[in-house]
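Asker: Provided below for reference: sequence and predicted model.
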Amino acid sequence: FIVSAPSGTGKTTLCRRILPSIPGIERSVSCTTRPPREGEVHGKDYVFLSDSDFDRMLAQGRFAEWAQVYGYRYGTLKKTIADSLKKSRDLLLEIDVQGAYTLRKQFGARAVTIFLSPPSLKELRRRLEKRGKDTRKMMEARFTQALEEIAQRASYDYIIVNDSLVDAGEKLKAIIIAERCRRNKIP
Ligand code: 5GP
């Protein structure tokens, strides 16, 4: 299950909220060259890599997908996906639209794509400002990027408007449960 959303949409909060209540699914931990934010834990939130380590792993062909987002690189390891398939566990990937596109091409309909949309652009701007994690310039860049991402939401299987954390969580959970009941997924 691939969840994409512009930053400030509440994707991480939402995914963390619903995961404990769904058995058999785990969150994919991505690699990134972005420095850790306060409170982020190496190996849990992200695997934080130096540029040269990322380059090396890229050259070794270890990424199933990777993308440059806001000046840093982010990638999902092939091993992360292979391990979850081996354990017959679903994987929830919180990745950007470029990564979603790459994995969709590789995995076809096995990858279920979900776009989490902010209730309005005004609200998105308000959330980005309130978050206060970034400089003004960074905030503007994230907002512009968000507009580009939102323009691509029609290529996703599902769109959830995150106007309430509780409702959006219920919807995400319902999508996961329903997808598992698809005829072609029952052995
Ligand atoms: P942040 O720095 O706010 O944690 O994440 C920035 C963006 O990078 C978000 O849109 C997030 O979904 C995306 N991202 C995180 N991990 C990955 C990944 O492994 N691959 C791709 N393509 N995007 C990622």
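Answerer: Happy to help now that I have it.

Asker: Not counting the lowest-mean-pLDDT helix or strand in the chain itself, show me its contacts.
Answerer: Ranking every helix and strand in the chain by mean pLDDT, DSSP states H and E puts helix 121-131 at the bottom, with a mean of 86. Helix 121-131 is contacted by residues 6, 7, 8, 9, 10, 118, 134, 139, 142, 143, 146, 147 when judged by CB atoms under 8 Å, 6 or more residues apart in numbering. From N, CA and C alone the C-beta is placed, and that goes for glycine too.

Asker: In PyMOL, select just the buried ones from those.
Answerer: With 16 or more other CB atoms under 10 Å as the criterion, this PyMOL line picks the buried residues out of the contacts of helix 121-131:
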select buried, resi 6+7+8+9+10+118+134+139+142+143+146
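
Asker: so which two of the contacts of helix 121-131 are the farthest from each other?
Answerer: Across the contacts of helix 121-131, no pair lies farther apart than 10 and 147, at 17.5 Å, counting by CB to CB.

Asker: and the single nearest residue of the chain relative to the ligand, what pLDDT?
Answerer: As assessed by CB to the nearest ligand atom, the ligand sits closest to residue 99 within the chain, at 2.5 Å. Listed pLDDT for residue 99 reads 97.

Asker: and it, which of the three is it?
Answerer: Recorded secondary structure, residue 99: helix (DSSP: H, G, I helix; E, B strand; the rest coil).

Asker: do the same with residue 159
Answerer: Using three-state DSSP, the structure places residue 159 in strand.

Asker: do residue 54 as well
Answerer: Going by three-state DSSP: residue 54 is helix.

Asker: That one: what's it in contact with?
Answerer: Shown in contact with residue 54 (CB under 8 Å, 6+ apart): 31, 33, 73, 75.

Asker: what angle separates the next helix or strand along the chain from the least confident helix or strand of the chain from helix 121-131?
Answerer: Where DSSP states H and E defines the elements, the next helix or strand beyond helix 121-131 is helix 136-150. Orientation check (axes from the mean of the first three to the mean of the last three CA atoms, to 10 degrees): helix 136-150 against helix 121-131 gives 140 degrees.

Asker: any bit of helix 136-150 sitting next to the ligand?
Answerer: No - applying CB under 6 Å from any ligand atom, one finds helix 136-150 separated from the ligand by no less than 7.7 Å.
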